[in-house]
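Student: how would this look folded up:
(one chain, ligands or ions: 1)
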Amino acid sequence: MEQTLSGLLKLQESDSMLDRARAELEGIPGELSLVESELSAARAEFAVVEARLSELGAVMKKCEEEKADSIRKLAEYKTKLLSLRTNAEYKAMLEQISFVERRMDDLDSRILETMYEEDAARKDIADAGRKLERYTERANRKKELLAERESVLKAEVDRLSGDRSGTASAVPIRLLRKYEQLRASGRSCAVVGLVRGACGGCHTNVPPQNAVEISQGIPYSCPICGRYIVDLDGNRPSEEDI
Ligand SMILES: [Zn+2]
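Tutor: Got it, this is the predicted structure:
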């Protein structure tokens, strides 16, 4: 293969490695935010259970205060009962006592219920805490790995960019411009092989005379897609051999 074409092919290899490294590098912030959002979901889950537990604590406190108040009232009413003179007053006070007693029964059931709910919430908060711990560890590990990968990729991009300028400087400017145009138009493979007598990019058949020229290493640009067609089999294993 002619020197210029093999230079162009080398450039394309450099560029595809650069493209891959850059694409992976660009993906890192997205991976990081995924890690962060998983972690904040676990934090939010923990906060919900925590809020539930503190809400139950408040309910419990209120019930206990009301119960203490009821006990006080009951004692007060029972004392009063002894000093009442009329039947009507006595009857009214008994009703009040019974009302407070019913209220105390309700409070007892409510306290018991709340205790069960608190037990369940404590179990939930322990689970959520363990999950949060696990997610935090995992997120830290992943962030470390991504930071390492990022610095490796940055170094690789720097190295490849350096190599690329060296390779590009060896390619004739006319070919280089055409190559850059093809890449800019979105064709990552600006140089393709001659595959069974056709363009390896768009599969258009190449006239036999041009195929012969290609095999001699003469630069040939596909009239349909514009890619450079080279005889890869002359210098390197064909795709079938790999
Ligand atoms: Zn083509």
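Student: Write out the residues of this structure neighbouring the ion.
Tutor: 199, 201-202, 222, 224-225 (C-beta under 5 Å from the ion). C-beta here means a position set from N, CA and C on the backbone, and glycine is covered the same way.
Student: of all those residues, which two lie farthest apart?
Tutor: Spatial extent of these (C-beta to C-beta) is set by the pair 201 and 224 at 8.6 Å.
Student: Make a markdown table out of the residues of the chain next to the ion and add neighbour count and pLDDT.
Tutor: A markdown table is the format used below for those (neighbours: other C-beta atoms under 10 Å; pLDDT from 0 to 100):
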| residue | neighbour count | pLDDT |
| --- | --- | --- |
| 199 | 23 | 94 |
| 201 | 21 | 90 |
| 202 | 14 | 92 |
| 222 | 20 | 93 |
| 224 | 12 | 92 |
| 225 | 19 | 90 |
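Student: Any chance of TSV for these, columns secondary structure?
Tutor: Below are the residues of the chain next to the ion laid out as TSV (DSSP: H, G, I helix; E, B strand; the rest coil):
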residue	secondary structure
199	strand
201	coil
202	coil
222	coil
224	coil
225	coil
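Student: between the residues you listed, which is closest to residue 166?
Tutor: Once C-beta to C-beta is applied, the member of the residues of the chain next to the ion that ends up nearest residue 166 is residue 201, at 26.1 Å.
Student: show me the contacts for that closest one.
Tutor: By C-beta atoms under 8 Å, 6 or more residues apart in numbering, the residues touching residue 201 are 187, 189, 192, 222, 225, 227, 229.
Student: now these: which count as buried?
Tutor: 187, 189, 192, 222, 225, 227, 229 (16 or more other C-beta atoms under 10 Å).
Student: Which of the residues you listed scores worst on pLDDT?
Tutor: For those, the model is least confident at residue 187; its pLDDT is 75.
Student: Overlap in contacts, residue 201 and residue 224.
Tutor: With C-beta under 8 Å, 6+ apart, residue 201 and residue 224 have no common neighbours.
Student: tell me the mean pLDDT over the helix or strand hosting residue 153?
Tutor: Counting by DSSP states H and E, the element that carries residue 153 is helix 87-169. Across helix 87-169, the average pLDDT comes to 96.
Student: which parts of the next helix or strand after it are buried?
Tutor: Downstream of helix 87-169, the first helix or strand assigned by DSSP H and E is helix 173-184. Judged by neighbour count (16+ other C-beta under 10 Å), helix 173-184 contains these buried residues: 175-176, 178-179, 182-183.
Student: Which of those sits closest to the ion?
Tutor: Lowest distance from the ion to those (C-beta to the ion) belongs to residue 182, with 10.5 Å.
Student: Report pLDDT for the closest residue to residue 226 other than its chain neighbours.
Tutor: Leaving aside its chain neighbours, residue 226 sits nearest to residue 182 (5.9 Å; criterion: C-beta to C-beta, 6 or more residues apart in numbering). As predicted, residue 182 sits at a pLDDT of 88.
Student: Which residue ranges make up each domain of this structure?
Tutor: 21-169, 173-235 (automatic domain parsing).
Student: And the shortest one, how far out from the chain middle?
Tutor: This means domain 173-235. Relative to its chain's centre, domain 173-235 lies at 40 Å (C-alpha atoms, centre = their mean, to the nearest Å).
Student: what does stretch 62-76 give?
Tutor: Using C-alpha atoms, centre = their mean, the offset of stretch 62-76 from its chain centre is 53 Å.
Student: Pull out the buried positions in it.
Tutor: 63, 66-67, 70, 73-74.
Student: for stretch 76-94, same thing?
Tutor: 77, 93.
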